[in-house]
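Enquirer: Here is the input, now give the coordinates:
(chains A, B, C and D)
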There are 2 protein chains.
Amino acid sequence: MHDHGTYPLKDLNLKTTPKRVAILNLLAQESTYISPEEIWRKLKGQFSRVGLPTVYRNLEELAAGGIISKVIHPNRQLYYYFCPNRDHHHHFICVACRRVEDVDYCGMEDVERQVSERIGGRVLSHIVQVNGLCRSCSAKGGNGESTHVGVMK
Amino acid sequence: MHDHGTYPLKDLNLKTTPKRVAILNLLAQESTYISPEEIWRKLKGQFSRVGLPTVYRNLEELAAGGIISKVIHPNRQLYYYFCPNRDHHHHFICVACRRVEDVDYCGMEDVERQVSERIGGRVLSHIVQVNGLCRSCSAKGGNGESTHVGVMK
DNA sequence: TTTTTAAAAGGAAATGATTTCTGTTTACAT
DNA sequence: ATGTAAACAGAAATCATTTCCTTTTAAAAA
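Expert: Residues are numbered from 1 along each chain as shown, chains lettered A, B, ... in the order given. Presented below is the predicted three-dimensional model:
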């Protein structure tokens, strides 16, 4: 639970507006991903007037500043989640039921090292998405082939 | 350069139609990513009538079958590329110039093992996207912060 | 080879997430 | 307190992707 005074908004030349802070607080409370639209719905409970563009604008600004992160979902929508109070982790997406699970493990240190060496540039971050069948879907027996998306073999 | 007879379409219950084959050949010739719309434009040079929905439908089917892969770009559009004649690799995206570079290295064996163990499910594939500054952008000195998107710290 | 039928394709129209635009309000530096 | 650049609302535009329905076609069966 953050006190808004601790968000480094000033460093990013972003003003500390009530809506911006509310968005940050919402994200900080979420334990999982949340879409811009869901954020908007929750925001409407706190303010009489809020526009969806405000949500998008803020999310992009905050993501640009690295305060929050943008997670790319293989389906249409993009989900955002909050960073500071969570450990770095990866995402497992079940190709059958589409649910996203967090994997509290990274193991990308070597990969990052190799990549920066080969590219000759600087690695800042990475996105890892592991696709497969979750425990319950793999128990049900299907192979998930028919619902595969975003799979790289 | 593939002979279309070698595409395992039959295994996927997909018919060998002229347009499907043309799409596969286009992708096979591409050395980089290509959007559905770009594929459509090229296809229109070969057929008097082609619909964009046909392109999307085929891409989804082929991706579902694992013949091609879907690459998620941090911006709006989704890009697709062809698999069979290329080795598995990762993508490095420069946060400054947005260019995508292939990294001919995987190193995800341990990560996959760990993930499947922790999830208790079956890992089928993974998507790795490494964000950073490419050689030339990092030489130019910027830190890329202002263009950050989709970055997970 | 002809027949049959399920898949594929065309094309128009719908969808729906994201963005743009314009006028108004507000945070905060001076 | 006041001026100014940033934020905001709300309506409308954009544009990639899907849906729907009808026609065509690949390829299995006869």
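
Enquirer: Show me which residues of chain A are close to DNA strand D?
Expert: For chain A, the residues found near DNA strand D under the criterion C-beta under 7 Å from any atom of the strand are A:13-15, A:17-20, A:47, A:49-51, A:53-54, A:57-58, A:61, A:76. Every residue, glycine included, has its C-beta placed from N, CA and C.

Enquirer: If we use 10 Å, what do you get?
Expert: Residues of chain A lying close to DNA strand D by C-beta under 10 Å from any atom of the strand are A:9, A:12-23, A:40, A:43-44, A:47-58, A:61, A:74-76, A:149.

Enquirer: Now restrict those to buried residues only.
Expert: Neighbour-count burial (16 or more other C-beta atoms under 10 Å in any protein chain shown) applied to the residues of chain A next to DNA strand D gives A:9, A:12, A:14, A:19-23, A:40, A:43, A:50, A:54-55, A:58, A:61, A:74.

Enquirer: quick one: which of those is nearest to DNA strand C?
Expert: The shortest gap between DNA strand C and any of these belongs to residue A:9, at 6.8 Å (C-beta to the nearest atom of the strand).

Enquirer: Without its sequence neighbours, what residue ends up closest to that closest one?
Expert: In this structure, residue A:9 finds its nearest non-sequential neighbour in residue A:16, 5.3 Å apart by C-beta to C-beta, 6 or more residues apart in numbering or on different chains.

Enquirer: can I assume that neighbour sits in a helix?
Expert: No. Under DSSP: H, G, I helix; E, B strand; the rest coil, residue A:16 sits outside any helix and is assigned coil.

Enquirer: Let's test this: what are the backbone torsions at it?
Expert: For residue A:16, the backbone dihedrals (degrees, to the nearest 10) come out as phi -90, psi 80.

Enquirer: where in chain A is pLDDT low?
Expert: A:1-7, A:31-32, A:71-89, A:93-100, A:137, A:139-153 (pLDDT under 70).

Enquirer: the domain parsing of chain A - what is it?
Expert: A:1-86, A:88-153 (automatic domain parsing).

Enquirer: closest point of chain A to DNA strand D, which residue?
Expert: For chain A, C-beta to the nearest atom of the strand, closest residue to DNA strand D: residue A:54, 3.0 Å.

Enquirer: on that earlier part again, filter the residues of chain A next to DNA strand D down to the ones in helices?
Expert: Under the assignment DSSP state H, the residues of chain A next to DNA strand D contribute A:18-23, A:40, A:43, A:52-58, A:61 to helices.

Enquirer: what's the closest non-adjacent residue to the residue of chain A closest to DNA strand D?
Expert: Taking C-beta to C-beta, 6+ apart, and ignoring the residues beside it in sequence, residue A:54 has residue A:19 as its nearest neighbour in space, at 6.0 Å.

Enquirer: sorry, back to before: how close does the residue of chain A closest to DNA strand D sit to residue B:28?
Expert: 45 Å (C-beta to C-beta, to the nearest Å).
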